[in-house]
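Asker: I would like to see how this sequence folds:
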Amino acid sequence: MKKIVFTGGGTAGHVTPNIAIINELNKKDWEIHYIGSKAGIEKELIEKIQIPYHSISSGKLRRYLSVENAKDVFKVLKGCLDARKVLKKIKPAVVFSKGGFVSVPVVIAASMLKIPVIIHESDLTPGLANKIALRFSSKIFTSFDETINYLPKEKSTVIGSPIRKDILTGSAVKGRIFLDFTSTKPIITVMGGSLGARKINEVIRENLEELTQQYQIVHLCGKGNIAAEYTNNKNYKQLEYVHEELADILAATSLVITRGGSNAIFEFLALKLPMLIIPLSKLQSRGDQILNAKSFTKKGFSLTLEEEEITSQTFLAKLAELDEKQKTIKQAMQQYNKHDALTAILEELKKY
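Answerer: Reported below is the predicted structural model:
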C-alpha cells in the first residue's frame with residue numbers, strides 16, 4: 001500500500017480540494033495522512049472524514065514589517081522539524097500541498113527528505129506560501145489559465161480546480177426543506193467564506209426588508225456572526241457554516257453572493273450558478289481575490305463589486321443586474337472549456 005501525505009490549511013478553501021482528492025483515492029491502494037496546524041479549520045474538517053491528522057507548529061508569513069515576524073520565523077523552523085519527524089515516521093511516496101502557511105514547513109521538510117511534492121495553486125497569482133514552496137516542488141497544477149505566466153513552465157499544468165463530486169449531486173427539494181423555504185421565491189445564497197465577511201453581512205442585513213420581498217436568503221455568515229434580531233424572518237436563514245447540507249442548499253439556489261476565493265467560485269462555475277463576487281480588498285489581502293473576480297467577470301461568469309464601492313445603492317443595483325443577466329451568464333458558463341482536475345491529479349499520483 002502506497003502512502004500519501006496531504007497538507008494545506010488556514011481557510012476551508014485550502015482544505016476542501018484536498019478532501020475532494022482524498023474521497024476519490026482508493027483506500028485499498030493508499031494509506032492517507034494529513035499534516036496541518038494545531039488549531040486551524042483543517043483540523044476540524046479532516047477529523048470529520050476520519051483521516052489520521054498530524055499537528056505541527058505554524059507561523060504566519062507576512063509581506064509587511066512586524067515584530068511578530070521574528071516570532072513566526074521560529075514557529076516556521078519548529079514546523080519544519082515537526083513535519084520532518086512526521087514524514088520520517090510515515091515515509092510517504094508523495095506529498096500533495098494545497099497551500100496556506102502551514103504547508104510551507106511540510107513542503108520544505110519533504111524536499112529535505114527527497115520526497116516528491118505536488119502543489120496545486122488555486123488563485124490566479126501564487127500566494128507567498130506557494131511562492132516559497134514552488135522551488136521545492138516536483139509538479140505544479142493551477143486552476144486559472146493565466147497562472148502559468150507566473151510559474152516555471154516546465155513543471156506546470158493548468159487543470160482547473162478539484163471539485164468535490166458530492167457538491168454536484170445535491171437535491172433542491174431537500175435544500176428547501178432544510179432551509180424551510182418555499183418554491184415560490186428564488187433563493188440567494190450568501191457566502192463570506194469559512195470566517196465570514198463583515199461588510200457583506202452588513203449590506204445584506206441593511207437591505208433585508210427589500211431583498212426578502214423578491215428573494216429568500218440563506219446567509220452563511222461565519223462563526224459567531226448570527227444576528228439574533230433577524231432569526232424570526234421566514235425568508236432569511238442564518239447559518240454559521242454548513243457541511244453535508246451545502247450541496248442541497250446550492251441545488252436550490254438561483255444566485256450566489258460570494259467572496260472571490262478560487263475554490264468556491266470554481267464550484268459555483270461547475271454548478272452553473274450566476275454569482276456576484278465581492279472580493280477581499282487589498283487592505284485585507286494581497287489582492288488575489290480581486291484578480292480571481294476580474295478573470296471570472298471578463299469570461300462572463302460573474303459580476304464584481306469591490307468592497308470599497310459597497311453602498312446599499314451599488315449593491316442592490318449589481319444584484320438587479322445579476323438577476324437580469326443570469327441567462328447570459330449561464331450560457332457563458334456552458335461554453336467553459338471544463339478541465340477535469342480530479343482525473344489529472346489522480347493520474348499524476350499513479351506515477352508514485
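Asker: pLDDT wise, what is residue 264 at?
Answerer: Note for residue 264: predicted pLDDT of 92.
Asker: does it count as helix, strand or coil?
Answerer: helix (DSSP: H, G, I helix; E, B strand; the rest coil).
Asker: excluding chain neighbours, what is closest to it?
Answerer: Once flanking residues are discounted, residue 264 sits nearest to residue 258: 5.7 Å by C-beta to C-beta, 6 or more residues apart in numbering. C-beta coordinates here come from the backbone N, C-alpha and C atoms, glycine included.
Asker: the one you found pairs with what?
Answerer: Residues in a beta bridge with residue 258, per DSSP bridges, are residue 191, residue 277.
Asker: who touches it in this structure?
Answerer: 190-192, 264-265, 268, 275-278 (C-beta atoms under 8 Å, 6 or more residues apart in numbering).
Asker: so among these, which ones count as buried?
Answerer: The neighbour count (16 or more other C-beta atoms under 10 Å) marks 190-192, 264-265, 268, 275-278 as buried among these.
Asker: quick one: least confident of the contacts of residue 258?
Answerer: Minimum pLDDT across the contacts of residue 258 falls on residue 192, with 82.
Asker: any stretches of the stretch 51-200 of the chain with poor pLDDT?
Answerer: Counting by pLDDT under 70, the stretch 51-200 of the chain shows low-confidence ranges at 59-72, 193-196.
Asker: in it, which spans are helices?
Answerer: 67-90, 103-112, 128-134, 172-179, 198-206 (DSSP state H, counting those that start in this stretch).
Asker: and the contacts of the longest one?
Answerer: Residues outside helix 67-90 that contact it (C-beta under 8 Å, 6+ apart) are 3, 5, 33, 35, 54-62, 95, 102, 104-106, 108-110, 112-113, 115.
Asker: likewise for stretch 33-50?
Answerer: 3-12, 14-16, 18-19, 22-23, 51-58, 83, 86-87, 90, 92, 100-102, 106, 194, 243.
Asker: mind doing that once more with 7 Å?
Answerer: Contacts with stretch 33-50, where a contact means C-beta atoms under 7 Å, 6 or more residues apart in numbering, come from 3, 5-12, 15, 19, 22, 51-56, 58, 83, 86, 90, 92, 102, 106, 194, 243.
Asker: quick one, longest strand in this protein?
Answerer: strand 30-37 (DSSP state E).
Asker: mean confidence for that one?
Answerer: Taken as a whole, strand 30-37 has an average pLDDT of 96.
Asker: any idea how far it is from the middle of the chain?
Answerer: Distance of strand 30-37 from its chain centroid, counting by C-alpha atoms, centre = their mean, to the nearest Å, is 19 Å.
Asker: looking only at pLDDT, what's the mean for the helix or strand just after that strand?
Answerer: On the C-terminal side of strand 30-37, the closest following helix or strand by DSSP states H and E is helix 41-48. Mean pLDDT, helix 41-48: 92.
Asker: closest to residue 328 out of the contacts of residue 258?
Answerer: residue 275 (13.3 Å; C-beta to C-beta).
Asker: for that closest one, grab phi and psi.
Answerer: phi -130, psi 140 (degrees, to the nearest 10).
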